[in-house]
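A.B. asks: Return atomic coordinates for the entry below.
(chains A, B, C and D)
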2 protein chains.
Amino acid sequence: MARSTMQQRMLGALRPADLEAEPERWQQQKSTRTRLRIVEAAIACLLGGGYAGLTTHRIAAHLGISRGAMQHHFPTRDDLVAAVVEHVFYARMRLFLDDYLSGIAQAGEDNLVEIATAAHWRSMQSEEYAAYVELAVAARSDAALRAVFEPAARRYDEVWVSEMIESFPQWRARWEAMKLASDFVTCAHLGMLLQRPTFGDARIEQLNGLVSDVVRGLYHA
Amino acid sequence: MARSTMQQRMLGALRPADLEAEPERWQQQKSTRTRLRIVEAAIACLLGGGYAGLTTHRIAAHLGISRGAMQHHFPTRDDLVAAVVEHVFYARMRLFLDDYLSGIAQAGEDNLVEIATAAHWRSMQSEEYAAYVELAVAARSDAALRAVFEPAARRYDEVWVSEMIESFPQWRARWEAMKLASDFVTCAHLGMLLQRPTFGDARIEQLNGLVSDVVRGLYHA
DNA sequence: ACAATAAAAGTCCGATCGGATGGTTTTTTG
DNA sequence: CAAAAAACCATCCGATCGGACTTTTATTGT
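C.D. replies: Residues are numbered from 1 along each chain as shown, chains lettered A, B, ... in the order given. Modelled structure (predicted):
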């Protein structure tokens, strides 16, 4: 499996429309760059103040541009939120793939499951995944956000599942068990992320060992 | 284990100060009742609009009292948030205990671990636990909330762990494994709760079976 | 070069936030 | 019954939110 093939396929299916334009026109190039900077500033505000801190005022101040400029690129706040959601899912996938594929390149393809599990846990420490958590929880009580978030989440999930089947041929005979293992790791790691401030690192590390054992058990069952 | 003993011990350690007063004076009784109604209305707003929706205006409107009355009972918003945090942890423990102890009363004490696991998952469907999730995530990016939330979370965890040791004598020889199982169920269920909108009920049900298997495996190891 | 277009800036508005203040009703107390 | 205290109510204030608007600057097309 060539590294570029897998990356291209998974990221291409999630890439926001913004980033697909060719940089022919100078102004268009400038525009897409500013849009990206706005989205990144929005994520910074999301991390700094939660979904409630995702305000047009703060984003503009954080980026040092006027609110009028922001309004030119994102006419309404909902447009910006939609772009942030797209970007967060894309970045989440990209971060995992970078870690996972470099892990394979370094450690070989003997323990793909262990490499993937460890990469998944590391990718959850990222700011992008923290932004995902903020959005996922906010979507539970914000209908407008949910209307944007849930379709993106399902799209991400579909890409994830189909690529799992593609990338782990040794599981192909029991791809139901593999899907279960994948779902399990996702849920366990997410819960561990949120409970870590309460449990502390030592207990979380024990849980990481348990999660690995369970995945190994599913693989050899 | 008498039902009242366990309830008394665990809930007593978490009971908010409000609910401990004796109803001697009529006015004091009225006051504590109003405080409780305000906290419950606050939780309703928390569920309806997330932590950002937890505003003094909305709470007063939802309850039908004036903001001045609210300000009499909770001089500042932070005081109210602190009371909400206390109440959420208390209600979370109470809900689990109700389900768990009635499960024991109905099904006997043969499968305590299975009963506890199922009761834990059911208690997570409650509104009080949804409020806990909102607060836990908001505390990640709100220092003022975190200063109130994390100590309460640790207190809840300490009560939980010590009571686990007390209540499952058959695990006593390997109480480290039991603590690991408890942490595991907490994290797995929390992740499942947040991923359910994406995964759907069928996959979550499969995960529930896997979680039960893992806990059984830890028990018989 | 010059009109058209895109990007960015600056300003105003209504709504709502948390907090503060002063007045009213109800209960307790002497 | 009258004074004190507690519970409750009605507004006002400064700050900040999202959105609409006009103006200025930079780039593009002819």
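A.B. asks: Residue A:81 and residue A:145 touch, don't they?
C.D. replies: Yes - here residue A:81 reaches residue A:145: they are 6.4 Å apart, a contact under C-beta atoms under 8 Å. In short, each C-beta sits where N, CA and C put it, glycine included.
A.B. asks: where in chain A is pLDDT low?
C.D. replies: Counting by pLDDT under 70, chain A shows low-confidence ranges at A:1-4, A:18-28, A:30.
A.B. asks: Repeat the analysis, applying 80 as the threshold.
C.D. replies: Scanning chain A with the threshold set as pLDDT under 80 gives A:1-4, A:17-31, A:169-170, A:172-173, A:221.
A.B. asks: tell me the phi and psi of residue A:168?
C.D. replies: phi -120, psi 70 (degrees, to the nearest 10).
A.B. asks: Now residue A:53: closest residue in space, sequence neighbours ignored.
C.D. replies: Residue nearest to residue A:53 in three dimensions, not counting chain neighbours: residue A:45, with 5.2 Å by C-beta to C-beta, 6 or more residues apart in numbering or on different chains.
A.B. asks: What helix or strand is the one you found located in?
C.D. replies: Here residue A:45 sits within helix A:26-49, counting by DSSP states H and E.
A.B. asks: by contact count, what packs against that helix?
C.D. replies: If you count contacts as 3 or more C-beta pairs under 8 Å, 6 or more residues apart in numbering or on different chains; DSSP states H and E, helix A:26-49 packs onto helix A:56-63, helix A:67-73, helix A:77-107, helix A:127-138.
A.B. asks: mind running it again at 6 Å?
C.D. replies: Contacts defined by 3 or more C-beta pairs under 6 Å, 6 or more residues apart in numbering or on different chains; DSSP states H and E place helix A:26-49 against helix A:56-63, helix A:77-107, helix A:127-138.
A.B. asks: Now for the closest residue to residue A:132 other than its chain neighbours: which residues touch it?
C.D. replies: Once flanking residues are discounted, residue A:132 sits nearest to residue A:88: 5.2 Å by C-beta to C-beta, 6+ apart. Neighbour list for residue A:88: A:128, A:131, A:132 [criterion: C-beta atoms under 6 Å, 6 or more residues apart in numbering or on different chains].
A.B. asks: so what's the residue sitting nearest the centre point of chain A up against?
C.D. replies: Taking C-alpha atoms, centre = their mean, the centroid of chain A lies closest to residue A:92, which sits 2.0 Å from it. Counting by C-beta under 6 Å, 6+ apart, residue A:92 makes contact with A:128, A:129, A:132.
A.B. asks: And for residue A:56?
C.D. replies: Residues in contact with residue A:56 (C-beta under 6 Å, 6+ apart) are A:67, A:77.
A.B. asks: ok, it to chain B distance?
C.D. replies: 15 Å (C-beta to the nearest C-beta, to the nearest Å).
A.B. asks: now do residue A:156
C.D. replies: For residue A:156, the distance to chain B (C-beta to the nearest C-beta) stands at 8 Å.
A.B. asks: Wait, that residue touches residue A:90, no?
C.D. replies: No - between residue A:156 and residue A:90 there is no contact under C-beta atoms under 6 Å: 8.8 Å.
A.B. asks: Residue A:102 - how many residues pack around it?
C.D. replies: Residue A:102 has 13 neighbours, counted by other C-beta atoms under 10 Å in any protein chain shown.
A.B. asks: repeat for residue A:174
C.D. replies: Look at residue A:174: counted by other C-beta under 10 Å, it has 14 neighbours.
A.B. asks: and it, helix, strand or coil?
C.D. replies: helix (DSSP: H, G, I helix; E, B strand; the rest coil).
A.B. asks: and it, how far is that from residue A:185?
C.D. replies: According to C-beta to C-beta, to the nearest Å, residue A:174 stands 16 Å off from residue A:185.
A.B. asks: Next: residue A:105.
C.D. replies: Distance from residue A:105 to residue A:185, by C-beta to C-beta: 21 Å.
A.B. asks: Of those two, which one has the most company?
C.D. replies: Comparing residue A:105 with residue A:185 by other C-beta under 10 Å, the one with more neighbours is residue A:185, at 21 against 10.
A.B. asks: and the more buried one, what element?
C.D. replies: Going by DSSP H and E, residue A:185 is part of helix A:175-199.
A.B. asks: winner for burial among the helices and strands packed on helix A:26-49?
C.D. replies: helix A:127-138 (a mean of 22; mean count of other C-beta atoms under 10 Å in any protein chain shown).
A.B. asks: So is the helix or strand that that one is followed by next to DNA strand D?
C.D. replies: Heading C-terminal from helix A:127-138, the first helix or strand you meet, by DSSP H and E, is helix A:143-167. No - if you take C-beta under 7 Å from any atom of the strand as the test, helix A:143-167 misses DNA strand D, and the best it gets is 9.5 Å.
A.B. asks: contacting residues around residue A:116?
C.D. replies: Residue A:116 neighbours (C-beta under 6 Å, 6+ apart): residue A:100.
A.B. asks: Same check on residue A:48?
C.D. replies: Counting by C-beta under 6 Å, 6+ apart, residue A:48 makes contact with nothing.
A.B. asks: One more pass at 8 Å, please.
C.D. replies: residue B:141 (C-beta atoms under 8 Å, 6 or more residues apart in numbering or on different chains).
A.B. asks: roughly how far apart are it and DNA strand D?
C.D. replies: Going from residue A:48 to DNA strand D by C-beta to the nearest atom of the strand, to the nearest Å gives 11 Å.
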